[in-house]
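[1] okay, sequence plus prediction incoming.
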Amino acid sequence: MNNTELRSQALEVLVANHRDGYTLPAPGLYPFQWCWDSGPIALGWAAAGRFEEAWSELHRLFSAQWPTGMVPHIVFWQDSDRYFPGPEVWGTAHTPQTTGLTQPPLPVSAAARLFMQDPDRDRARDALVSLWPRLLSWLSWFERARSGPHGAVVAVHPWESGMDNSPSWDEPLAGVTEASEIPLARRDVETVAADERPSELEYRKYLGIVERLRAAGWDTERQPADSPFVVEDPCLTAVTARAAADLVEVVQVAEAEGADGLDAGEAERLAKSVLAGLEGLWDEDLGWYRPYDVLAGRPVGAAASTGLVALWAGVAPARVSRVVERLDAWGRLLPVAVATADPNGPGYDPIRYWRGPVWVLVNWLVADGLSRAGLAERAEALRVGTRALVEQGFSEYYDPRDGHGIGGHGFSWSAALTLAWLTT
Ligand code: GLC
């Protein structure tokens, strides 16, 4: 399929999923605004030349930011009976209604990129200046309220990693004794086959943690003290470090264009300290970044996507080479890259969500890390391989054995990254 055709199909998906100034990840399955999805989605709109929609995606998301700086992982802009757990289960006191958890701050990096790309320089400057305090206060909150023992960023719920049922979370989740007893009104398994989604016990524990944090009053300054799940997550950490570094980069350009009041000092400090925290998660024996279970006091899990996307932070080429060695070994077992979990590791499952399937977003983050480490050819090979997947349709994820699309369909970030990465 040629680029023009593929781009027009991708744009159709974004248009169909667009609501009042924001874009659903997938109608039916995810009927609200999701935090980290908004980053790639904004870049997709921008790549289609639709900067109004691109900026609005971010303005909408940040308008739901909490006073502490946390940006919630779902904003329930409209009612829907298509998703569980909805606002009544979360019971946060925030307006608009949101969850009380966050997700990796990709929207910050998206704001930096939009600023650089927008041909309307006045709009770009105004948008950056108005978003700036919000971007920075989110990153500062990560450092203030979510620093773990290595200085990496802590997740207090598997949902915060964006990689819900990754095998990386099996050990810490095994230590969670809270399993909700409320009737599970899951709607996801009506749209997607149950064997491609998290299990029932996982869901009960996810809700058990939500109930604990809710009982503690959703105090976003002290969630690590309130949650039975406290894990330093390489993905959250890498995305935070990169977000801070991206802000540092745009300041110079913005100031030269007359933007006032953007202080790069705080972003610069954060970029360094969070990157140092990420390095604290490097496991030399495994040759991989590994989550650290704070409550159990040990690193957890085999090589998986939670650590793989550390490449996005721009880590040292020597680290990247070790990671690539392992990806090569996976490549000898699986024709489609990149699996989200070690195919020889415990918990691997080629069709179950974050336990093995290939995700377009992960591939994009990894390809970017590869090219920053000087591995342009590998990055290009990953791009070409990913393009072949989306030609079959904009699925939520793909089977690493044969590349067929699974999970939700008409998935926004697969379409958005087709515009912003796969057809440029
Ligand atoms: C799932 C994914 C998460 C994503 C959300 C909306 O929960 O695991 O990463 O943000 O769906 O697409």
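    On my side now, so go ahead.
[2] who touches residue 42 in this structure?
    For residue 42, the set of contacting residues under the criterion of C-beta atoms under 8 Å, 6 or more residues apart in numbering consists of 54, 55, 57, 58, 107, 110, 111, 114, 416. Yep, even glycine has a C-beta here, placed from its N, CA and C like the rest.
[3] residues near the residue nearest to the second one when sequence neighbours are not counted, how many?
    Right, the one you point to is residue 55. Closest residue to residue 55 in three dimensions, ignoring its sequence neighbours and counting by C-beta to C-beta, 6 or more residues apart in numbering: residue 127, at 4.9 Å. Residue 127 has 21 neighbours, counted by other C-beta atoms under 10 Å.
[4] all strands of the stretch 101-250 of the chain, in order?
    Using DSSP state E, counting those that start in this stretch, the strands found in the stretch 101-250 of the chain span residues 154-155, 231-232.
[5] for the residue of the chain most remote from its centre, which three-state class applies?
    What lies farthest from the middle of the chain is residue 258; by C-alpha atoms, centre = their mean that is 32.1 Å. Following DSSP: H, G, I helix; E, B strand; the rest coil, residue 258 is assigned to coil.
[6] thinking again about what came up before, what distance do you get for the residue nearest to residue 55 to residue 29?
    Residue 127 sits 30 Å away from residue 29, going by C-beta to C-beta, to the nearest Å.
[7] repeat for residue 324
    Residue 324 sits at a distance of 33 Å from residue 29 (criterion: C-beta to C-beta).
[8] which phi and psi does whichever residue of the stretch 101-250 of the chain sits closest to the ligand have?
    The minimum distance from the stretch 101-250 of the chain to the ligand, using C-beta to the nearest ligand atom, falls at residue 162 (3.6 Å). Reported as degrees, to the nearest 10, the phi and psi values for residue 162 are phi 80, psi 0.
[9] residue numbering should commence at 10 henceforth.
    Got it, the first residue is 10 from now on, which makes the last one we talked about residue 171.
[10] so who does the residue nearest to residue 64 touch?
    64, 67, 68, 120, 123, 124, 127.
[11] same check on residue 299?
    For residue 299, the contacting residues are 177, 243, 290, 291, 292, 308, 309, 310, 312, 316, by C-beta under 8 Å, 6+ apart.
[12] what's the PyMOL line that selects buried ones from those residues?
    Entered in PyMOL, the line below selects the buried ones among those, by 16 or more other C-beta atoms under 10 Å:
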select buried, resi 177+243+290+291+308+309+310+312+316
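[13] ok, the contacts of residue 299 vs residue 346, which is closest?
    For the contacts of residue 299, the closest approach to residue 346 (C-beta to C-beta) belongs to residue 312, at 13.9 Å.
[14] how near is that closest one to residue 294?
    The span separating residue 312 from residue 294 equals 11 Å under the rule C-beta to C-beta.
[15] picking up where we left off before, out of the contacts of residue 299, who's near the ligand?
    Contacts with the ligand are made by none of the contacts of residue 299, judged by C-beta under 6 Å from any ligand atom.
[16] just the helices in the stretch 10-159 of the chain please.
    Ranges of helices within the stretch 10-159 of the chain are 12-26, 47-56, 60-71, 96-99, 115-126, 130-155, based on DSSP state H, counting those that start in this stretch.
[17] next, the buried residues of the fourth one.
    Read that as helix 96-99. In helix 96-99, residues buried by neighbour count (16+ other C-beta under 10 Å) are 96, 99.
[18] the last one too?
    Neighbour counts over helix 130-155 (16+ other C-beta under 10 Å) mark 133-134, 136-138, 140-141, 143-152, 154-155 as buried.
[19] return the distance of the helix or strand bottoming out on mean pLDDT in the chain from the chain's centre.
    When the helices and strands of the chain are scored by mean pLDDT, DSSP states H and E, helix 197-200 comes last with a mean of 90. Helix 197-200 has its average C-alpha position 22 Å from the chain's average C-alpha position, going by C-alpha atoms, centre = their mean, to the nearest Å.
[20] stretch 65-77 too?
    Centroid separation between stretch 65-77 and its chain, computed with C-alpha atoms, centre = their mean, is 16 Å.
[21] for it, which positions count as buried?
    For stretch 65-77, a neighbour-count test (16+ other C-beta under 10 Å) marks 65, 66, 67, 68, 69, 70, 71, 73, 74, 75 as buried.
[22] measure the first one to residue 82 for me?
    If I follow you right, that is residue 65. Distance, residue 65 to residue 82, by C-beta to C-beta: 19 Å.
[23] same thing with the third one?
    Remark: distance between residue 67 and residue 82 (C-beta to C-beta) = 15 Å.
[24] again with residue 401
    Taken as C-beta to C-beta, the span from residue 401 to residue 82 is 29 Å.
[25] going by distance to the ligand, which of the contacts of residue 299 wins?
    residue 177 (12.9 Å).
[26] let's verify the residue lying closest to that closest one once chain neighbours are set aside: helix, strand, or coil?
    In space, residue 177 comes closest to residue 310 once its chain neighbours are excluded; the distance is 3.9 Å by C-beta to C-beta, 6+ apart. The three-state label for residue 310, taken from three-state DSSP, comes out as coil.
[27] just checking, residue 310 touches residue 172?
    No. Distance between residue 310 and residue 172: 11.1 Å, which falls outside the contact criterion (C-beta atoms under 8 Å).
[28] what sits against residue 56?
    When the contact criterion is C-beta under 8 Å, 6+ apart, the partners of residue 56 are 425, 428, 429, 433.
[29] ok, and the most crowded of the residues you listed?
    The member of these that has the most neighbours, counting by other C-beta under 10 Å, is residue 425 with 34 neighbours.
[30] distance of that one relative to residue 277?
    In this structure, residue 425 and residue 277 are separated by 29 Å, where distance is defined by C-beta to C-beta.
[31] repeat for residue 243
    Distance check for residue 243 against residue 277: by C-beta to C-beta, it reads 22 Å.
[32] interface residues of this protein facing the ligand?
    Within the chain, the positions adjacent to the ligand are 34, 39, 43, 45, 46, 171, 173 by C-beta under 6 Å from any ligand atom.
[33] residues contacting the nearest residue to residue 188 once chain neighbours are set aside?
    Distances taken as C-beta to C-beta, 6+ apart place residue 213 nearest to residue 188, at 4.0 Å, with adjacent residues excluded. Applying C-beta under 8 Å, 6+ apart, one finds that residue 213 lies in contact with 188, 189, 190, 193.
[34] mind listing the helices for the stretch 160-309 of the chain?
    Using DSSP H, counting those that start in this stretch, helices in the stretch 160-309 of the chain cover 179-183, 197-200, 209-224, 232-235, 243-265, 273-288.
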